[in-house]
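Peer 1: how does the following fold in three dimensions:
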Amino acid sequence: MVTEPIQRAIEFIEASFAQPVPLATLAAAAELSVSRFAALFRAQVGISPHRYVCLVRVRHAERLLRGGVPPSVVAAEVGFFDQSHLGRHFKRTLGITPSACLAGR
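Peer 2: Below you'll find the model as predicted:
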């Protein structure tokens, strides 16, 4: 079960994933201290806030890639530093590369 403070942070991530999402900003959105927020988030969501942000970015990247957007553009659109940064997180999360995703549209 996700409590209201953690739900507020999740909603903030969903709305702001393409921008830098500092832990302190998420904790402020949840109205908790940084350490308390990080512990509660992991306990309730099952992964760290950073991993969750990456997961949201990869989910959006996959949608864009399947829509035919080039990986270099997708990386910038969803908040990754560059195409290789996208590729690392994409493969870690989904088990395939962005180019394999493009090929399997």
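Peer 1: distance of Ser72 relative to Ala29?
Peer 2: According to C-beta to C-beta, to the nearest Å, Ser72 and Ala29 sit 31 Å apart. Using the backbone N, CA and C atoms, a C-beta is placed for each residue, glycine as well.
Peer 1: so which of these two has more stuff around it?
Peer 2: Ala29 (19 against 12; other C-beta atoms under 10 Å).
Peer 1: on contacts alone, who are the packing partners of the helix or strand bottoming out on mean pLDDT in the chain?
Peer 2: Lowest by mean pLDDT, DSSP states H and E among the helices and strands of the chain is helix 98-103, with a mean of 85. Helices and strands touching helix 98-103, as assessed by 3 or more C-beta pairs under 8 Å, 6 or more residues apart in numbering; DSSP states H and E, comprise helix 49-66, helix 71-78, helix 83-94.
Peer 1: repeat that with 7 Å
Peer 2: Packing contacts for helix 98-103, counted by 3 or more C-beta pairs under 7 Å, 6 or more residues apart in numbering; DSSP states H and E, involve helix 49-66, helix 83-94.
Peer 1: quick check: closest non-adjacent residue to Phe81.
Peer 2: Ala75 (7.4 Å; C-beta to C-beta, 6 or more residues apart in numbering).
Peer 1: wait, what's in contact with that neighbour?
Peer 2: Residues in contact with Ala75, defined by C-beta atoms under 7 Å, 6 or more residues apart in numbering, are 82-83, 85-86.
Peer 1: burial check on the closest residue to Pro71 other than its chain neighbours, number of neighbours?
Peer 2: Computed as C-beta to C-beta, 6+ apart, the closest residue to Pro71 that is not its neighbour in sequence is Pro98, at 4.4 Å. Residues near Pro98, counting by other C-beta under 10 Å, number 24.
Peer 1: wait, what's in contact with Pro98?
Peer 2: Residues in contact with Pro98 (C-beta under 7 Å, 6+ apart) are 65, 71, 86-87, 90.
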